[in-house]
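*Asks:* Let me see the structure of the following:
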Amino acid sequence: MSETASSQSFPPATPRERSAIPERHRWNLLDIFSDWAAWERGCADLSAAVDRFSSLQGTLARGPERLLDVLQTMDAAGQLAYRVYYFASLRFDEDQRDNQANARRQDVQGLLARWMQAAAWFHPELLKVPLDVVRGWMQDHPELGVYRFALEEVYRQQEHVLDEDGERIMALAARVQEGAHDAYEALSTADIKFPTVTLSTGEQVQVTYGKYRELLDTSQVQADRALAFTTLHETFAANANTYAALYGAVLQRDWFSARSRHYKTTLDAALFGNAIPPAVVDTLIATARDGVEPLRAYHRLRRRWLKLDTYHIYDTAVPIGHLDTRYRYDEVLDWLVASVAPLGRDYQARMRAGFEGRWIDVYENPGKRSGAYSAPVYGVHPYMLLNYNDTLDSVFTLAHEMGHSMHTTLSHESQPFVYSDYTIFVAEVPSTLSEALLLDYMLARSTDPRERVVLLQHAIDGIVGTFYQQVLFADFELQTHRLVEDDKPVTAELLGSLYLDLLRRYYGDAIDDDELSRATWARIPHFFASPYYVYQYATCYASSAQLMREMTTGPEASRRDAVTRYLDLLRAGGSDHPMALLQRAGVDLSRRDTVQAVVDDLARLVGRLAGELEAMEARA
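*Replies:* Here you go, the predicted model:
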């Protein structure tokens, strides 16, 4: 979930011990395995499945029965892998101080790595069998025909699949290629020395990542926000050359992988697997660049209402409206169910079953992993980790993760295992749409201008964080990758200037310059962990915005048709390329007007926020 400004300033509660949290608010992992002994038997079964898969090497050309045997063995191992991995991983996330759970999680990671290496032979060997032969086998054997899309995908990507030795080398190199990211994590997390500052109140605080976010989100004193920004980013600026060297290694890694697999560019390599035209990224960036005026108008509005003579990047998160309301978890569940009424009673019933079926680990406890996620445990049901704290942000995080969980539920119920997973290009559509439905519901029931101001700011910050900010990141990634593709140097000075120029291009004169802004790129983990990933948040936002409009406006018949197409999208899982799935749902991301609709939505919301602020002031 993208970061958004908190509308409340509640003091953090002391986490309860896990045993003190009611059972109904803790997930039930016994749905996966009854105990650790059963899990160990599952690991043994998976190890045996990996060995059996290895023993099938060299058999594919013998006929359709052998190919079907290999594919079904792969599926059986995959289904078991979901369960053994998540049982250990979710246990560890309950309390990351638990060394035994951590050791078991690492054991599973090792087992999965062995499986990946054991499977390296499959694609090269399959490609030795002519596609026409495989199509004939599928025609004559319905069970094999289930795998048509998956098998034809291997042939579509044939020119980028290496021989068995090449694939083995790439598999072995995977751990080596993570070196730059691992070093970034060590430098930015394990070895970083967080500065301590004295705030205007006299309080001394250490500016950790969490404290920095808290100060920017809640401090009403601009000087304190500026102090936090300066001291944290001076730490990154002091190591700018090291960060540039690490990022340069990431860029070279991506260029090495692209060239090794015979792609013309790193962007082609990142998009080809999902058959996404590079023009989608170009259109996204061009439309966002041309549509920055509503973004700038929002920040000019904030500057005026915050009564600031200067307005900086560290002023963009502090709320312009406050609401001292606690949203109790058990009280908001009915709201979430009611908010998805446009999707039908069956959808509502499934959501209710998730709330009542102990899918969710609700509250923070000592040692629990931070943040939130939805884990797709195939053959069981999704599990959701939250750290719910009664804030508005927590309510929307719950809606967001439940959107993922409903997607998983419908996909797993509707698709065979081979197509049960879905790509990130589609994944954020139901999560952001779930948030949009909740926003509409809460705005419709609100009678307080202050609450509407907070809700509108939440919605606007969602567009800013999920659309504009992610496009800016994608813009930066595209330009930096082109540097290495053109054999140009990558230096700290060049990266800082490039990032500062992008901030100016997107925000214009709505935000005053800060020299240290040139160091902020180094604080974005996605650049080092998963390049060419974040643009998909923006495309998903554009997709969900269009689907939301079609499902909630216009004639009833057209709304029903849009809902049917949307639910079919969720049920489709990974059974086709994501662009094709979205097009069947009515979304064409190759069209500029699809992306432009997000720009138009932001302009409308900013205008409405201005009106609500005036109403709030008149009521005061």
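
*Asks:* Could you report the pLDDT at Thr325?
*Replies:* If you check Thr325, the pLDDT there is 84.

*Asks:* Name the SS class of it, please.
*Replies:* coil (DSSP: H, G, I helix; E, B strand; the rest coil).

*Asks:* Could you pull up phi and psi at the closest residue in space to Thr208 that isn't next to it in sequence?
*Replies:* In space, Thr208 comes closest to Phe194 once its chain neighbours are excluded; the distance is 4.9 Å by C-beta to C-beta, 6 or more residues apart in numbering. Placement of C-beta: from N, CA and C, glycine included. With angles defined as degrees, to the nearest 10, Phe194 sits at phi -70, psi 130.

*Asks:* ditto for Asp361
*Replies:* According to degrees, to the nearest 10, Asp361 has phi -100, psi 100.

*Asks:* So the residue nearest to Thr208 sits against Gln206, correct?
*Replies:* Yes: using C-beta atoms under 8 Å, Phe194 is in contact with Gln206, at 5.0 Å.

*Asks:* Could you pull up phi and psi at the nearest residue to Gly248 once chain neighbours are set aside?
*Replies:* Using C-beta to C-beta, 6+ apart and skipping the chain neighbours, the partner closest in space to Gly248 is Val490 (4.0 Å). Per-residue torsions, Val490: phi -120, psi 110 (degrees, to the nearest 10).

*Asks:* can you tell me the helix or strand for the nearest residue to Ile320 once chain neighbours are set aside?
*Replies:* In space, and not counting its chain neighbours, Ile320 is closest to Trp305: 4.7 Å by C-beta to C-beta, 6+ apart. Using DSSP states H and E, Trp305 maps to helix 293-306.

*Asks:* list the buried ones in that helix?
*Replies:* In terms of neighbour count (16 or more other C-beta atoms under 10 Å), helix 293-306 has its buried residues at 294-303, 305.

*Asks:* Poorly predicted segments of the stretch 151-300 of the chain, please.
*Replies:* For the stretch 151-300 of the chain, no stretch is flagged by pLDDT under 70.

*Asks:* That one: strands as residue ranges?
*Replies:* Shown for the stretch 151-300 of the chain, the strands assigned by DSSP state E, counting those that start in this stretch span residues 196-198, 204-206.

*Asks:* So which of those strands is nearest Arg608?
*Replies:* strand 204-206 (36.1 Å; C-beta to C-beta).

*Asks:* Find me the pLDDT at the residue nearest to Gly248, would you?
*Replies:* 96.

*Asks:* does it really touch Ala244, like I thought?
*Replies:* Yes: assessed by C-beta under 8 Å, Val490 is found in contact with Ala244 at 6.3 Å.

*Asks:* since we're on Leu172, how many residues are nearby?
*Replies:* 11 (other C-beta atoms under 10 Å).

*Asks:* for Glu515, same thing?
*Replies:* Neighbours of Glu515 using other C-beta under 10 Å come to 11.

*Asks:* hey, what's the residue nearest to Ile360 when sequence neighbours are not counted bridged with?
*Replies:* Closest residue to Ile360 apart from its sequence neighbours, by C-beta to C-beta, 6+ apart: Met384 at 4.5 Å. Note on Met384: beta-bridge partners Ile360, Ser374, judged by DSSP bridges.

*Asks:* got the contact list for Met384?
*Replies:* Neighbouring residues of Met384 by C-beta atoms under 8 Å, 6 or more residues apart in numbering: 27, 354, 359-361, 372-375, 401-402, 404-405.

*Asks:* repeat for Val154
*Replies:* 123, 126-127, 161.

*Asks:* Around Ser200, count how many other residues there are.
*Replies:* Neighbour tally, Ser200, other C-beta under 10 Å: 11.

*Asks:* go on, Ile313?
*Replies:* 20.

*Asks:* measure the nearest residue to Leu503 once chain neighbours are set aside to Tyr535 for me?
*Replies:* Leaving aside its sequence neighbours, Leu503 sits nearest to Ser517 (C-beta to C-beta, 6+ apart; 5.7 Å). Distance, Ser517 to Tyr535, by C-beta to C-beta, to the nearest Å: 22 Å.

*Asks:* ditto for Gln220
*Replies:* Taking C-beta to C-beta, one finds Gln220 at 35 Å from Tyr535.

*Asks:* which one of those two has more residues nearby?
*Replies:* With neighbours defined as other C-beta under 10 Å, Gln220 and Tyr535 compare such that Tyr535 has more, 24 against 11.

*Asks:* After the lengthiest helix in the chain, which helix or strand is next?
*Replies:* Secondary structure of the chain per DSSP state H: the longest helix is helix 64-94. Later in the chain than helix 64-94, the nearest helix or strand by DSSP H and E is helix 99-118.

*Asks:* can you pull the buried residues of that following helix?
*Replies:* Buried residues in helix 99-118 (16+ other C-beta under 10 Å): 101-102, 104-105, 108, 111-112, 115, 117-118.

*Asks:* Dump these to JSON lines, plus distance to Val50 and pLDDT.
*Replies:* Listed next are the buried residues of helix 99-118 as JSON lines, based on distance: C-beta to C-beta, whole Å; pLDDT from 0 to 100:
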{"residue": "Ala101", "distance to Val50": "23", "pLDDT": "90"}
{"residue": "Asn102", "distance to Val50": "22", "pLDDT": "89"}
{"residue": "Arg104", "distance to Val50": "18", "pLDDT": "93"}
{"residue": "Arg105", "distance to Val50": "18", "pLDDT": "90"}
{"residue": "Val108", "distance to Val50": "12", "pLDDT": "92"}
{"residue": "Leu111", "distance to Val50": "7", "pLDDT": "92"}
{"residue": "Leu112", "distance to Val50": "9", "pLDDT": "90"}
{"residue": "Trp115", "distance to Val50": "5", "pLDDT": "89"}
{"residue": "Gln117", "distance to Val50": "9", "pLDDT": "86"}
{"residue": "Ala118", "distance to Val50": "5", "pLDDT": "89"}
